[in-house]
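A.B. asks: Here is a sequence with its predicted model. Questions after.
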Amino acid sequence: MTTIDETAMQHTISRRSFVKGASALAAGGALASAFSFDIAHAEGTVDPDAPVEKRYTYCDMCNQVPKCGMTAYVQDGKIVRVESRTPHPTTPLCAKGLASIQELYDPKRLQTPLRRTNPKGTGQSQWEPITWDEAYDTIVSEFNRVKDADGPDAVMFYCGDPKEPRPPIQRVATLFGSSTYGLESSLCSTATNITSQLVYGRGQNSSGSDPTDDTGSCMIWSLNAAWSQPNRHAKFMDQKERGCKFVIVDPRITPTVMGLADIHLQLRPGSDGALALGFINILIRDGLVDKQFVEEWTHGYEGLADLAAQYPPEKVEEITWVPATKLEEAVHLLAENAPSTLVTSSAGLAHSSNVGHALRAVFMIPALMGMIEKKGGVMFASGGLPLDVSASTAKFRAEDIYAEQGFADKRVDKDDFPAWVSFTKHFQTARLPEYIDEGKIKAAILVASNVMIWPESDRYQEALGKLEFVAAVDYYERPWTHDYVDILLPAAMCHERMAPFAAYGRKLFFREPCVEPAGQAREDWKIMLDLGCKLGYEEQCFGGDVEAALDNILQTAGLDVTVDDLRANPEGLEIPGNKNEEGKHASGKLRKDGQPGFNTPSGKLEFDSEILKGFGYEGLPVYEEPVHTPYAPTEEDKRYPLVLNAGSRLPYYTHSKLREIPWLNQFMPEPVVRLHPQDARDRSISDGDMVRVFNHQNEIEMKAEVTNLVHAGMVDIFHGWHQANVNLLTTRDFDPITGFPPFRCGLCEVEATGKGRLVSQ
């Protein structure tokens, strides 16, 4: 059994060590860095006498935005070592980036386009190699056939992870006439962006602000940055060292909690909305609200106050498992160490059936304290930057066509999630099986996609198998997804790609491919631009020329810069933008019309959302229990007393990615479920036992890790294992506003299988 003290010794490392190697130290990144050069030579893949060149790229192994800088050492046309790029805005590389060379040269990577030769869905896919022209011609023929018969919206264009090819996929989809453009962000960051827009009038990257030298205290809600964003966590550690106080809300005792938390609120998964309302209750009760700011700059305070009055600390303790006294201490710590700020994750808090209200309640906390647009508090981007987070422009993504041709009115999700449609250009994929069953989608191209990401994922596999035609782009053949596709195309990795740019604040970087792609692999941007040309959009897709597409982005951004200019400046070029300053709401710099206020219907921060009420939703952030809950269980739910928290991050994997890398796989080679010692004793389960995790939907087998790092009454499952897919247990009880699933608040039971202990080799 792992104790708190033992885990602290394992994972709490000095600030100096963290900055040098981040969580790579714990995850084996130092090992990867030390041995990659020797392994490349030992395998005889390079001429040891050839000169070594240093080339620069950025890593997408975990797809953080912005991406971490990478230096590649190239000898005889092969990368023999990678390490952190310095100087660079985001360093150091973590274990995943340092080990990426092993995936780059994995002989199991796809090397040529493939065409299916046997029926789909058999579990035994058979393929024949084909040329790129044959692949493109097949895709174009099938897409045009479906378009002629059922319209362009019957063809789905979908981008998963990595996110890099989103701009050309969206461009080609729109040129083709399809509004059925989907993203994995319909399970990831978009709920955070939408709820932020509903409260703040700001979406992308406005889920709070990282602490600065002006910050007195910071609340981190559901983010384990030590493992998911180590370079960001290093900056948190700097602020901790300076004296910033931290309140961390998380159902687990994570390395982030151990390294930063002055107060840890260890809540029941899925009860975030109740905890936020309890927080608001105490702010109002104890006179900690900034009355002047609230009166002048917020909308709906009276209704929010009445709602929060229903959640005194004692009731909140009963619902959330957080002691009332600890919640009160946390509220006062933030109020008494102003200015305070808020940091949330892009997805952790979002994975509940009440996220549309729960996230809004969390975002209201700094507003009530008057910490919006204040140095050290929650500051919004100054605007004026011509590129978005994807380092592209709306014009390049053909969003003008989307608006002019009324794409929103023909989207498949417009009746199911109208608020979502009003804020996004990509459809909510939650009800994909229904859209396929209803004949609304007949064909698809899936770029970097994994069908296991959806709840009850076997239903999505079944639906995928019903499509008339599917093409996919990936590094590997992944049977759980590709058993249902007709054409499989090999993708180049980040070391082999040119596009896209990387934007870091006001600095723009370009990369050259460090080496040629493996076999016949092509970068995703090239694949999509080529496909667009074949579909008849030769001029709009730049003749398939990736560099010309990137130049178009620079032109549509209004930048007097070319790709050649960026190529000549590997240290990056400054992008002009507005000066960042506090109080932008008062000076009219947050609204397009230049008027004071926020970009919401009321012109104020909205506690009672006018947009949601317009769509028939409750405007206030009401709390609702998860559909399956131990707080008020149905008779069936009583059979599954443990709260299921799925989707926890690891420092050496990204979701289901990177399991192919031996350097990383050695640290967790098999699926693991973590449960509290008391729950283990009650079930006669010992650390290392093989256990069955099950509920009313399905069951999976995993290895038990008995640890007090999780709360009694819950289990914590690291996801991404194809042989033990936790999403067979998660449900499709979608949040009605955002369509997000309750990955982190289901129910289950655990029992020993009798197969004994599994000892990792």
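C.D. replies: Now that the structure is in, tell me what you want to look at. Given the structure is predicted, the values throughout are model-derived calculations rather than measurements. Numbers count the residues shown, from 1 in each chain.

A.B. asks: which residue sits closest to the spatially most central residue of the chain, ignoring its sequence neighbours?
C.D. replies: The residue lying closest to the centre of the chain (CA atoms, centre = their mean) is Cys188, at 4.5 Å. Leaving aside its sequence neighbours, Cys188 sits nearest to Ala347 (CB to CB, 6 or more residues apart in numbering; 4.8 Å). Every residue, glycine included, has its C-beta placed from N, CA and C.

A.B. asks: Next, count neighbours for the one you found.
C.D. replies: Neighbour count for Ala347, taken as other CB atoms under 10 Å: 23.

A.B. asks: Could you pull up the residues touching it?
C.D. replies: Applying CB atoms under 8 Å, 6 or more residues apart in numbering, we find Ala347 in contact with 187-189, 191-192, 647.

A.B. asks: among those residues, which two are most distant?
C.D. replies: The largest separation in the contacts of Ala347, counting by CB to CB, is between Thr192 and Gly647 at 14.5 Å.

A.B. asks: These two: which is more packed in?
C.D. replies: It is Thr192, of Thr192 and Gly647, that has more neighbours when counted by other CB under 10 Å, with 29 against 20.

A.B. asks: pretty sure that one contacts Gly348?
C.D. replies: No: in this structure, Thr192 is not within contact of Gly348 by CB atoms under 8 Å, at 9.4 Å.

A.B. asks: one step back: so what pLDDT did the residue nearest to Cys188 get?
C.D. replies: The model reports Ala347 with a pLDDT of 84.

A.B. asks: try Leu644
C.D. replies: Leu644 carries a pLDDT value of 98.

A.B. asks: Give the partner strands of the helix or strand hosting it in its sheet and their orientations.
C.D. replies: Following DSSP states H and E, the helix or strand that holds Leu644 is strand 642-648. Applying DSSP bridges, strand 642-648 is found paired with strand 714-718 (parallel), strand 746-757 (antiparallel).

A.B. asks: Those: lowest mean pLDDT?
C.D. replies: With a mean of 90, strand 746-757 has the lowest mean pLDDT of these.

A.B. asks: low-scoring stretches of this structure, by residue?
C.D. replies: Residue ranges of the chain with pLDDT under 70: 1-45, 64-66, 204-206, 756-761.

A.B. asks: Just list the residues touching the closest residue to Gly532 other than its chain neighbours, thanks.
C.D. replies: Nearest in space to Gly532, with sequence neighbours left out and distances taken as CB to CB, 6+ apart, is Cys541 at 3.5 Å. Residues near Cys541 by CB under 8 Å, 6+ apart: 168, 171-172, 175, 529-530, 532-533, 549.

A.B. asks: what are the ranges of the strands in the stretch 1-150 of the chain?
C.D. replies: Assigned by DSSP state E, counting those that start in this stretch, the strands in the stretch 1-150 of the chain fall at 52-58, 69-75, 78-84, 114-116, 127-129.

A.B. asks: ok, back up a step: what's the closest of the contacts of Cys541 to His719?
C.D. replies: Minimum distance to His719 across the contacts of Cys541 is 28.9 Å, recorded for Pro168 (CB to CB).

A.B. asks: and the closest one, how far is that from Trp525?
C.D. replies: According to CB to CB, to the nearest Å, Pro168 and Trp525 sit 5 Å apart.

A.B. asks: Between these two, which is the more surrounded one?
C.D. replies: More neighbours surround Pro168 than the other of Pro168 and Trp525, with 29 against 23 (other CB under 10 Å).

A.B. asks: now that one, nearest residue through space, not along the chain?
C.D. replies: Using CB to CB, 6+ apart, the nearest residue to Pro168 is Met528, at 4.0 Å.

A.B. asks: Ok, Asp474 next?
C.D. replies: Of all residues not flanking Asp474 in the chain, Ala491 sits nearest, at 5.9 Å (CB to CB, 6+ apart).

A.B. asks: which residue packs closest to Arg166, ignoring adjacent ones?
C.D. replies: In space, and not counting its chain neighbours, Arg166 is closest to Cys159: 5.0 Å by CB to CB, 6+ apart.

A.B. asks: what pairs with that neighbour across the strands?
C.D. replies: Beta-bridge pairing for Cys159 (DSSP bridges): Leu183, Val447.

A.B. asks: That one and Ile169 touch, don't they?
C.D. replies: Yes: contact status for Cys159 versus Ile169: in contact at 4.9 Å, counting by CB under 8 Å.

A.B. asks: So for the two, which residues contact both of them?
C.D. replies: Both Cys159 and Ile169 are in contact with Val447, where contact means CB under 8 Å, 6+ apart.

A.B. asks: doesn't Glu328 make contact with Pro313?
C.D. replies: Yes: Pro313 sits in contact with Glu328 when judged by CB under 8 Å, with a separation of 6.0 Å.

A.B. asks: So which of these two has more stuff around it?
C.D. replies: Neighbours were counted for Pro313 and for Glu328 using other CB under 10 Å; Pro313 has more, 20 against 16.

A.B. asks: who touches the spatially closest residue to the more buried one that is not a sequence neighbour in this structure?
C.D. replies: Excluding its sequence neighbours, the residue lying closest to Pro313 (CB to CB, 6+ apart) is Ala324, at 3.5 Å. With contact set as CB under 8 Å, 6+ apart, Ala324 has these partners: 313-314, 316-317.

A.B. asks: Could you do Asp530 as well?
C.D. replies: Residues in contact with Asp530 (CB under 8 Å, 6+ apart) are 132, 136, 522, 541, 544.

A.B. asks: 10 Å instead, please
C.D. replies: Going by CB atoms under 10 Å, 6 or more residues apart in numbering, Asp530 touches 132-133, 135-136, 168, 172, 522, 541, 543-546.

A.B. asks: List the buried residues in the longest helix seen in the chain.
C.D. replies: Determined from DSSP state H, the single longest helix within the chain is helix 132-150. By 16 or more other CB atoms under 10 Å, the buried positions in helix 132-150 come out as 132, 135-136, 138-140, 142-144, 146-147, 150.

A.B. asks: Equivalent analysis for stretch 655-673, please.
C.D. replies: Neighbour-count burial for stretch 655-673, with 16+ other CB under 10 Å as criterion, is recorded at 655-659, 661, 663-665, 667-668, 671-673.

A.B. asks: Among those residues, which pair sits farthest apart?
C.D. replies: Using CB to CB, these reach their maximum pairwise distance at Trp663 and Val673, which is 24.3 Å.

A.B. asks: who touches the residue lying closest to Gln520 once chain neighbours are set aside in this structure?
C.D. replies: Leaving aside its chain neighbours, Gln520 sits nearest to Thr112 (4.8 Å; criterion: CB to CB, 6+ apart). Contacts for Thr112 (CB under 10 Å, 6+ apart) come out as 127-132, 135, 488-490, 518-521.

A.B. asks: and Leu304, helix, strand or coil?
C.D. replies: Secondary structure, DSSP: H, G, I helix; E, B strand; the rest coil: Leu304 is helix.

A.B. asks: re the thing from before, my guess is the residue nearest to Pro168 contacts Gln540. True?
C.D. replies: No: judged on CB atoms under 10 Å, Met528 makes no contact with Gln540 at a distance of 11.9 Å.

A.B. asks: re the thing from before, next SSE after the strand holding Leu644?
C.D. replies: Sequence-wise, the next helix or strand downstream of strand 642-648 (DSSP H and E) is helix 662-665.

A.B. asks: Just checking: what are the partner strands of whichever helix or strand comes after that following helix?
C.D. replies: Toward the C-terminal end, the helix or strand that comes next after helix 662-665 (DSSP H and E) is strand 672-675. Applying DSSP bridges, strand 672-675 is found paired with strand 699-706 (parallel), strand 714-718 (antiparallel).

A.B. asks: what's around Tyr200, how many residues?
C.D. replies: Look at Tyr200: counted by other CB under 10 Å, it has 27 neighbours.

A.B. asks: and the strands paired with strand 672-675 as TSV, adding mean neighbour count and distance to Glu636?
C.D. replies: Formatted as TSV, these follow (neighbours: other CB atoms under 10 Å; distance: least, CB to CB, whole Å):
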stretch	mean neighbour count	distance to Glu636
strand 699-706	20	15
strand 714-718	25	18
